[in-house]
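> just a sequence and a predicted model for now, questions to come.
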Amino acid sequence: MNKLKFSLIAASSLCVFAACKNKENKNADKRTHFLETQYIDSSTKPSDNFYQFVNGKWLDTATIPSDKTSVGGFNQLADETRNKLKALIEEAAKNPGAAGSIQQKVGDFFNSGMD
């Protein structure tokens, strides 16, 4: 019985890992890393002021736009998402698609508020 359980677990693990195989996504973002090392202030010792060490150059060069209260990766992500959604909705409004389709309903809803 143990051999059967082990065989089933091994086979299912192989199937799971095979399904997780990374396929190339042509629309994927071109970023290759998540740490932006260009903002590290090497003139500050990390043991003295770690925040200044990690963010020093960014603090010196970054500007917060007047229409925003903060700036960062999450803000950038929210702005990009909002712009993509706006483009999708405007496209649905221009080309409503088949009657009764989601695209037609979204386009009609958007157009109802735009007069």
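It's in.

> how is this structure partitioned into domains?
Domains of the chain are assigned by automatic domain parsing as 33-62, 67-115.

> export those domains to a markdown table and append columns for distance to Ala10 and mean pLDDT.
Backbone N, C-alpha and C define where each C-beta goes, glycine included. Shown next, in a markdown table, are these (distance: least, Cβ to Cβ, whole Å; pLDDT from 0 to 100):
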| stretch | distance to Ala10 | mean pLDDT |
| --- | --- | --- |
| domain 33-62 | 33 | 90 |
| domain 67-115 | 39 | 90 |
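
> as a markdown table, the ones you listed with mean neighbour count and distance to Ile9 would be great.
Formatted as a markdown table, these follow (neighbours: other Cβ atoms under 10 Å; distance: least, Cβ to Cβ, whole Å):
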| stretch | mean neighbour count | distance to Ile9 |
| --- | --- | --- |
| domain 33-62 | 12 | 33 |
| domain 67-115 | 11 | 38 |
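
> take these and lay them out in JSON lines including distance to Lys3.
Shown next, in JSON lines, are the domains of the chain (distance: least, Cβ to Cβ, whole Å):
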{"stretch": "domain 33-62", "distance to Lys3": "43"}
{"stretch": "domain 67-115", "distance to Lys3": "49"}
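
> nearest to Asn2, out of those?
domain 33-62 (42.4 Å; Cβ to Cβ).

> now do the contacts for the residue nearest the centre of the chain.
Geometric centre of the chain, nearest residue: Leu77, 5.9 Å, by Cα atoms, centre = their mean. For Leu77, the contact set (Cβ atoms under 8 Å, 6 or more residues apart in numbering) is empty.

> for Phe34, same thing?
Per Cβ under 8 Å, 6+ apart, neighbours of Phe34: none.

> what about it, which SS state?
coil (DSSP: H, G, I helix; E, B strand; the rest coil).

> go on, Ala99?
coil.
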